[in-house]
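Student: Model the following, please.
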Amino acid sequence: MNNKDTQQRIAEILDPADETKQLWDNLAPTDADYMMHSPKPIGYHETNEQLFLFQNLLAGFNPQINSILDIGCGRADLARFIADFYDTTPVYTGIDHNPIMTALAMEKHGQQVITGAFESVSLPTADWVVASGVFTQRRCETEDQDLQKLFNDIAILYNTANNAIAFNLLSPINTQHHQGFFYVHPGLIMDMLIEKYQSVIVRHNYSKDVYTVTIYKI
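Tutor: Modelled structure (predicted):
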């Protein structure tokens, strides 16, 4: 897919006039399809926000990628996005700690995903490893411990990937901070990751408080 084709596909997928996405965005918790289609149960305000994030997580992805590991997969919507956007179906493995989400992944996309914490299960090696929303909440008692935990987890992802890993973080810049969430400066992250992994890109291009980090191995 060349750059012109990519831009056209992005415009089509993010079409704000898409009636189906408008319907999904307006679903209420009392609606029958809320858990299946609403962006809100999986942490997004709008469906387009989720799709734009998927593009960031897969920057540099191509049809030659044979496998993907989706940590914090939720309903496994990423598997459908790859099939629609790239017209390819790599071997997909998802993992999520919430059994409700893993059941929805099977029901919605036919994806049998792992239920559990990625730190404690046996992860398969994959060409591309993504972790969406996994690192947004505080998990330790202090910020220093949270940062060390983050870098330990990045190492797990990196050692599992053949080509690249991608994940998102919350930025503390010009952002309203909420208790219980983990904010880390993108400049700090870039400096520390470049020192260890060298090939690092930070994309702060779609939200004032969320950014995407990609580490390429080749």
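Student: Need the three-state assignment for the residue lying closest to residue 97 once chain neighbours are set aside.
Tutor: Leaving out its chain neighbours, the residue that sits closest to residue 97 by C-beta to C-beta, 6 or more residues apart in numbering is residue 117, at 5.3 Å. Where you see a C-beta, it was placed from the backbone N, CA and C, and this is true even at glycine. Per DSSP: H, G, I helix; E, B strand; the rest coil, the secondary structure class of residue 117 is coil.
Student: can you check residue 106 too?
Tutor: Residue 106 is classified as helix under three-state DSSP.
Student: Quick check: next helix or strand after the longest strand seen in the chain?
Tutor: Within the chain, and with DSSP state E defining each element, the longest strand by residue count is strand 161-170. Downstream of strand 161-170, the first helix or strand assigned by DSSP states H and E is helix 186-197.
Student: Tell me how far the closest residue to residue 134 other than its chain neighbours lies from residue 124.
Tutor: The shortest distance from residue 134 to any non-neighbouring residue, by C-beta to C-beta, 6+ apart, is to residue 72 (4.2 Å). Distance of residue 72 to residue 124, given as C-beta to C-beta, to the nearest Å: 16 Å.
Student: Look at these two and report which has more neighbours.
Tutor: residue 72 (22 against 13; other C-beta atoms under 10 Å).
Student: so what's that one up against?
Tutor: By C-beta atoms under 8 Å, 6 or more residues apart in numbering, the contact set of residue 72 is 95-97, 118, 131-134.
Student: Kindly indicate which of those lies nearest residue 53.
Tutor: Checking the contacts of residue 72 against residue 53 by C-beta to C-beta gives residue 132 as the nearest, at 6.6 Å.
Student: List the residues that contact that closest one.
Tutor: Residues in contact with residue 132 (C-beta under 8 Å, 6+ apart) are 53, 57, 70-72, 74, 78, 167-168.
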